[in-house]
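Student: Give me a 3D structure for the following:
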Amino acid sequence: MMEDYPRYGIVLVDGNSARFMVAHMGEIVEQEDVFASAPEHRRPPDGITDRQVAPRSASDHHDYLKRVATAAYHMVQEQKLDRLLIGGLPEVAAQFARALPRTCRMFISARSRSMPLPSRKPCWQNRFP
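Tutor: A predicted model of the protein is given here:
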């Protein structure tokens, strides 16, 4: 009977962190073990300009999104999800969706910027716009 109802994966992602949740039959459970954080912003060493650091920063951001996408892929496989909902700023959500493996992209059913951005607070304490 429970298999008749779809299981939704929810990914809230921004440039610094991501949160993963599974929604099934009216219950939302946060997946604590897959919380991913972006690498800390490092100050460039003396003599190196911000322009020289920018490509590395973009590379770090891409690597971070790939790690989050890999964790989301594993969540889809392990939790046997039927749909994937992505929340966050449109640019970051689009980059995240592109970082997902193709087999996982077909599970995306919605993207929303109206979802709260990731934080370590329990999801019920976040304010929805």
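Student: use CA for all of it now, contacts and neighbours both
Tutor: Fine.
Student: Tell me where the model's unsure across this structure.
Tutor: 1-3, 32-56, 113-129 (pLDDT under 70).
Student: and residue 109, how many neighbours?
Tutor: For residue 109, the neighbour count with other Cα atoms under 10 Å is 12.
Student: residues contacting it?
Tutor: 83, 84, 85 (Cα atoms under 8 Å, 6 or more residues apart in numbering).
Student: Show the subsequent helix or strand relative to whatever helix or strand the second one lives in.
Tutor: It refers to residue 84. Per DSSP states H and E, residue 84 falls inside strand 83-87. For strand 83-87, the following helix or strand on the C-terminal side (DSSP H and E) is helix 90-99.
Student: Pull out the buried positions in the next helix or strand after that following helix.
Tutor: Per DSSP H and E, helix 90-99 leads on to helix 102-105 as the next helix or strand towards the C-terminus. Residues residue 104 are the ones in helix 102-105 that count as buried (16 or more other Cα atoms under 10 Å).
Student: for this protein, which helix is longest?
Tutor: helix 50-79 (DSSP state H).
Student: and the angle from it to strand 83-87?
Tutor: Put simply, helix 50-79 runs at 150 degrees to strand 83-87, going by axes from the mean of the first three to the mean of the last three Cα atoms, to 10 degrees.
Student: what about the nearest residue to residue 70 once chain neighbours are set aside, how many residues close to it?
Tutor: Leaving aside its chain neighbours, residue 70 sits nearest to residue 100 (6.9 Å; criterion: Cα to Cα, 6 or more residues apart in numbering). Using other Cα under 10 Å, residue 100 has 21 other residues around it.
Student: surely residue 100 meets residue 73?
Tutor: Yes - between residue 100 and residue 73 there is a contact under Cα atoms under 8 Å: 7.1 Å.
Student: What is the burial count for residue 112?
Tutor: Other residues near residue 112 number 14, with proximity taken as other Cα under 10 Å.
Student: what is it paired to in the beta sheet?
Tutor: Beta-bridge partners of residue 112, counted by DSSP bridges, are residue 87.
Student: List the contacts of it.
Tutor: So residue 112 contacts 85, 86, 87, 88, 89, 90 (Cα under 8 Å, 6+ apart).
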